[in-house]
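Undergrad: got a structure for you, letters missing:
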Ligand SMILES: Cc1ncc(COP(=O)(O)O)c(C=O)c1O
């Protein structure tokens, strides 16, 4: 199926106001999501928050089914949380690491994950080890395989880095993890909603994702997938009376589904919106979405690379909808401000988000332009001439 661009744009009111190439920051939501979230907030105000939630229970539960369908898992393997970082943390901190344990990560691991990894390494005596990149700039899967031994407790990978247009070979990494019987934690924050992501095909045991980026859900939403066989092996870092039950004055039992990683109070309207966004993406089809994004991103890279003084920095064999570049005569922050003043949204990606990745290339920051399927070829051309300063 090809995407009906006119319908996609008619469904997206923000398209009338901005040229939005900041989908890796937060995408423009479709009307279906805006109405679902706004409708629930209104209902909370009219009849009360608890009462509105009780009435909306089928919609809240639908969100678990929609997200499960999106990534090919069962609904009881999904926890709804606030964002990708909290999803990743809930899974990561639930592991019991011991001195000498090894945790293998890729060079493009997201900065928040790296901070958590280092904190846990300091606390427990586990070691965080970097798997090198291959000649294409993606994780070197052969090197990873050679690093495996009986002390490796976890493999963590960021599927699509925040600061670069590469797509890491998650399926190949999953094969290594499965073969060795090592848990595999995937940060799919930038891939969910952008391309097909299937947890069985990838072979990941835990997956963290956010709502607001390519999935087009509201800010403040995210989810964690935990494979059923892993659930009882992970001790959540926080528990409340939703994640566990007091079974006596001094005893408790943790629930056996992935909701052990949730907390009781939450952004109910956002969860409903997340479910609607997942259903909306499934309606277009993730293959179709990915094809359209690739077409636009390839065109954007080609046009930018043809401009004098512009360097495109994306690496990898397979590229995503994230396009990173710099301009010799204009600092990324100044360029972002100039574009914003003419109604064009982008973001600046700095070394702080990805030190392993950017420091060796001596890049302190780059401009990040990220396209979605509702963007157009005309917008790509307009953007390129705006970058050129025409
Ligand atoms: C690759 C990657 N992982 C994790 C995150 C964190 O996501 P969130 O802000 O939803 O916690 C981001 C955010 O930009 C990201 O790009």
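TA: On my side now, so go ahead. Worth saying up front: this structure is predicted, and the values here are computed from it rather than measured. Residues are numbered from 1 along each chain as shown.

Undergrad: same for the longest helix along the chain, what does it pack against?
TA: As assigned by DSSP state H, the longest helix anywhere in the chain is helix 286-305. Contacts defined by 3 or more C-beta pairs under 8 Å, 6 or more residues apart in numbering; DSSP states H and E place helix 286-305 against strand 310-312, strand 318-319, strand 322-327, helix 377-388. Any C-beta I mention is one placed from the backbone N, CA and C, and that applies to glycine too.

Undergrad: and the helix or strand that contains residue 279, what does it pack onto?
TA: Assigned by DSSP states H and E, residue 279 belongs to helix 268-284. If you count contacts as 3+ C-beta pairs under 8 Å, 6+ apart, helix 268-284 packs onto helix 31-47, helix 49-55, helix 57-71.

Undergrad: avg pLDDT for the first one?
TA: Just to be clear, that refers to helix 31-47. Across helix 31-47, pLDDT averages out at 98.

Undergrad: Pull the contacting residues for the residue nearest in space to the middle of the chain.
TA: Geometric centre of the chain, nearest residue: residue 189, 0.7 Å, by C-alpha atoms, centre = their mean. Contacts for residue 189 (C-beta atoms under 8 Å, 6 or more residues apart in numbering) come out as 84, 110, 158-160, 162, 208-210, 213.

Undergrad: Please list which of those are also close to the ligand.
TA: Filtering those for neighbours of the ligand using C-beta under 6 Å from any ligand atom leaves 84, 110, 158, 162, 210.

Undergrad: Which two of those residues have the greatest separation?
TA: By the measure C-beta to C-beta, 158 and 210 form the most distant pair in those, at 12.5 Å.

Undergrad: mind checking how far stretch 49-60 is from the chain centre?
TA: 27 Å (C-alpha atoms, centre = their mean, to the nearest Å).

Undergrad: repeat for stretch 31-41
TA: Here stretch 31-41 is found 22 Å from its chain centre; the criterion is C-alpha atoms, centre = their mean.

Undergrad: Next, the buried residues of that stretch.
TA: Using 16 or more other C-beta atoms under 10 Å as the test for burial, stretch 31-41 gives 32-34, 36-37, 39-41.

Undergrad: Would you mind giving the residues you listed as a markdown table with distance to residue 369 added?
TA: A markdown table is the format used below for those (distance: C-beta to C-beta, whole Å):
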| residue | distance to residue 369 |
| --- | --- |
| 32 | 26 |
| 33 | 23 |
| 34 | 24 |
| 36 | 29 |
| 37 | 27 |
| 39 | 33 |
| 40 | 33 |
| 41 | 32 |
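
Undergrad: Could you turn the buried ones of the ones next to the ligand among the contacts of residue 189 into a ChimeraX selection?
TA: Here is the ChimeraX command that selects only those of these that count as buried (16+ other C-beta under 10 Å):
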select :84,110,158,162,210
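
Undergrad: ok, the ones next to the ligand among the contacts of residue 189 vs residue 323, which is closest?
TA: residue 162 (12.9 Å).

Undergrad: surely that closest one meets residue 349?
TA: Yes. Under the criterion of C-beta atoms under 8 Å, residue 162 makes contact with residue 349 at 6.3 Å.

Undergrad: Compute the number of surrounding residues for residue 377.
TA: Counted with other C-beta atoms under 10 Å, the neighbours of residue 377 add up to 12.

Undergrad: That one: what's its closest spatial neighbour, skipping adjacent residues?
TA: residue 299 (6.5 Å; C-beta to C-beta, 6 or more residues apart in numbering).

Undergrad: who's in contact with the residue in the stretch 201-350 of the chain positioned nearest to the ligand?
TA: Per C-beta to the nearest ligand atom, residue 210 is where the stretch 201-350 of the chain lies closest to the ligand, at 3.3 Å. Contact analysis of residue 210 by C-beta under 8 Å, 6+ apart lists 83-84, 87, 189, 192, 221-222.

Undergrad: Show me the shaky parts of this structure.
TA: When residues are selected by pLDDT under 70, those of the chain lie in 352-355, 357-358, 360-362, 390.

Undergrad: mind giving me the domain split of it?
TA: 5-30+286-388, 32-283 (automatic domain parsing).

Undergrad: Tell me if the shortest one is near the ligand.
TA: No. Using C-beta under 6 Å from any ligand atom, domain 5-30+286-388 stays clear of the ligand, coming no nearer than 6.6 Å.

Undergrad: do the same with stretch 189-206
TA: Yes. On the criterion C-beta under 6 Å from any ligand atom, stretch 189-206 is in touch with the ligand at 189-190.

Undergrad: Give me the distance between the two termini of that stretch.
TA: 12 Å (C-alpha to C-alpha, to the nearest Å).

Undergrad: quick one, the helix holding residue 279 and helix 286-305 angle?
TA: 90 degrees (axes from the mean of the first three to the mean of the last three C-alpha atoms, to 10 degrees).

Undergrad: any idea of the angle helix 268-284 forms with helix 31-47?
TA: 160 degrees.

Undergrad: now check helix 268-284, is it near the ligand?
TA: No. Helix 268-284 lies out of reach of the ligand by C-beta under 6 Å from any ligand atom, never closer than 11.9 Å.

Undergrad: That helix: how far from the chain's middle?
TA: Offset of helix 268-284 from its chain centre (C-alpha atoms, centre = their mean): 15 Å.

Undergrad: now stretch 208-215
TA: 5 Å.

Undergrad: and residue 253, how far is that from residue 245?
TA: Distance of residue 253 to residue 245, given as C-beta to C-beta, to the nearest Å: 5 Å.

Undergrad: ok, now residue 177?
TA: For residue 177, the distance to residue 245 (C-beta to C-beta) stands at 33 Å.

Undergrad: neighbour-wise, which of these two wins?
TA: Legend: neighbour count by other C-beta under 10 Å for residue 177 and residue 245, higher for residue 177 (26 against 12).

Undergrad: In terms of secondary structure, what does whichever strand or helix holds residue 143 contact?
TA: Assigned by DSSP H and E, residue 143 belongs to helix 141-147. In this structure, helix 141-147 makes packing contacts with strand 102-105, helix 170-180, judged by 3+ C-beta pairs under 8 Å, 6+ apart.

Undergrad: Thanks a lot, catch you later.
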